[in-house]
Each structure stands twice: as C-alpha cells, then as structure tokens.
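[1] Okay, predicted coordinates and the sequence, questions at the end:
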Amino acid sequence: MAGEITHLQRAIDSGEAGADGGLFPLLYDELRRLAAFQMARERPGQTLQPTALVHEAWMRLGGDQKQWHNRAHFLGAAAEAMRRILIDRARKRNRVRHGAGLRRVNLEAVDVATTTDDETLLRLNDALEKLAAESPARAELVKLRFFAGLGLAEAAATQGVSLATAKRHWAYARAWLLCELKDR
C-alpha cells in the first residue's frame, strides 16, 4: 500500500490526469482508524462522528493537492489536523455568547467547579504549545502518541529517531506536562 501511495503521489505531482482522485480511498482506512482513536477519548454524547472528523481533516489538509513526503509525514499532518479540529470544537463548546445558558446563582451556595473534559483538553493544548516552544521534537512525540495513537516504536520511526531517544523524550515530556498541568 505504501508503494501505491508513493506512486499515486508522484502521479499527482506530475499532473497526471485522474490521479488526484485516488489518494483518499487508499488512505481512508488509516484516517478512519486515527479518527476512531481520537473520538474514543472524547466525552460521551459527542455529536461529531469519526467519519465527519476524517472528512473535515481531509479538507483542512488540502485533499489530494498537498504534497506528502511519505506515509509517516501524512499521518503526522492528519493527526495534527484532527487535534486542531477537536481543540476548535472544545473552545466553541466552552464559549458563552451573549449570556446564553447563564443563570443567576448565589455565590455562597456555589461549590468549587470540577474540570471538564473540554477544559482538560484545552489545558493540555496550551501546555503542548509551551512545550513545542521549548522542545518541538518532544511536543511532536506527545502529539503522535496521544492524538495519533502511535506506539513508542512507531512514533520514533515517524520522527526518524532511535527508540532510546524516543523513550527519553517521552519520559521528559510526560514529566514536563505533569508539572505544567499541576501548576494550573
């Protein structure tokens, strides 16, 4: 399959007629797997379906017109697109417009609020952006593991680093994120 994708990408790059419609069907199952993994982490009652997430990510990626170096490059970009879509949806759900849904509450009767899944996702995204400023490779590893569902060996291969380096980066990133999320 990887050979088919490479051949099709070359045909698209060279402007071969009819080649631009074949990439999506070849990659659909892989995209669907990524989307299902992403959606399994979302809160119950989510209205966005994995199929819709695949199609929206494909549109954001530019469809067949984009030039991907290889399958790993494409999967990394697809995972990032799906992450951004879910972050945008979480931000939209947490936004209150013109007082919609607000009620007057006696402040003395209010308990401390608990963190919702959307809030946690937004906090994680903010922390990931900080980590990316400090260490882009470690932040990318977290995205590949957490959002794309890749194992450590797969993520190391995608990044082109040794498994030992990936393990060190993963340990550092987890500790860094834990400290960052505790401080908030």
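    Yes, it's here.
[2] Tell me how many other residues crowd the residue nearest to residue 118 when sequence neighbours are not counted.
    Nearest residue to residue 118 in three dimensions, chain neighbours excluded: residue 90, at 4.0 Å (CB to CB, 6 or more residues apart in numbering). Bear in mind the C-beta positions are built from the backbone N, C-alpha and C, glycine included. Around residue 90 there are 20 other residues, counting by other CB atoms under 10 Å.
[3] In PDB, list the C-alpha atoms belonging to the helix or strand hosting residue 90.
    According to DSSP states H and E, residue 90 maps onto helix 71-94. The C-alpha coordinates for helix 71-94 follow below in PDB (Å, rounded to 0.1, in the frame of the first residue of the first chain):
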ATOM      1  CA  ARG A  71       3.000   7.900   4.800                       C
ATOM      2  CA  ALA A  72       4.500   8.900   8.100                       C
ATOM      3  CA  HIS A  73       4.600  12.600   7.100                       C
ATOM      4  CA  PHE A  74       0.900  12.300   6.000                       C
ATOM      5  CA  LEU A  75      -0.200  10.600   9.300                       C
ATOM      6  CA  GLY A  76       1.600  13.200  11.400                       C
ATOM      7  CA  ALA A  77      -0.200  16.000   9.500                       C
ATOM      8  CA  ALA A  78      -3.500  14.200   9.700                       C
ATOM      9  CA  ALA A  79      -3.100  13.700  13.500                       C
ATOM     10  CA  GLU A  80      -2.300  17.400  13.900                       C
ATOM     11  CA  ALA A  81      -5.400  18.400  11.800                       C
ATOM     12  CA  MET A  82      -7.700  16.200  13.800                       C
ATOM     13  CA  ARG A  83      -6.200  17.600  17.100                       C
ATOM     14  CA  ARG A  84      -6.900  21.100  15.900                       C
ATOM     15  CA  ILE A  85     -10.400  20.300  14.900                       C
ATOM     16  CA  LEU A  86     -11.200  18.800  18.300                       C
ATOM     17  CA  ILE A  87      -9.500  21.800  20.000                       C
ATOM     18  CA  ASP A  88     -11.600  24.200  18.000                       C
ATOM     19  CA  ARG A  89     -14.800  22.300  18.900                       C
ATOM     20  CA  ALA A  90     -13.800  22.300  22.600                       C
ATOM     21  CA  ARG A  91     -13.200  26.000  22.500                       C
ATOM     22  CA  LYS A  92     -16.500  26.600  20.800                       C
ATOM     23  CA  ARG A  93     -18.400  24.500  23.300                       C
ATOM     24  CA  ASN A  94     -16.800  26.400  26.200                       C
END
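[4] Counting by contacts, list what it packs against.
    Packed against helix 71-94 by the contact rule (3 or more CB pairs under 8 Å, 6 or more residues apart in numbering; DSSP states H and E) you find helix 2-13, helix 23-40, helix 50-61, helix 117-134, helix 136-146, helix 152-159.
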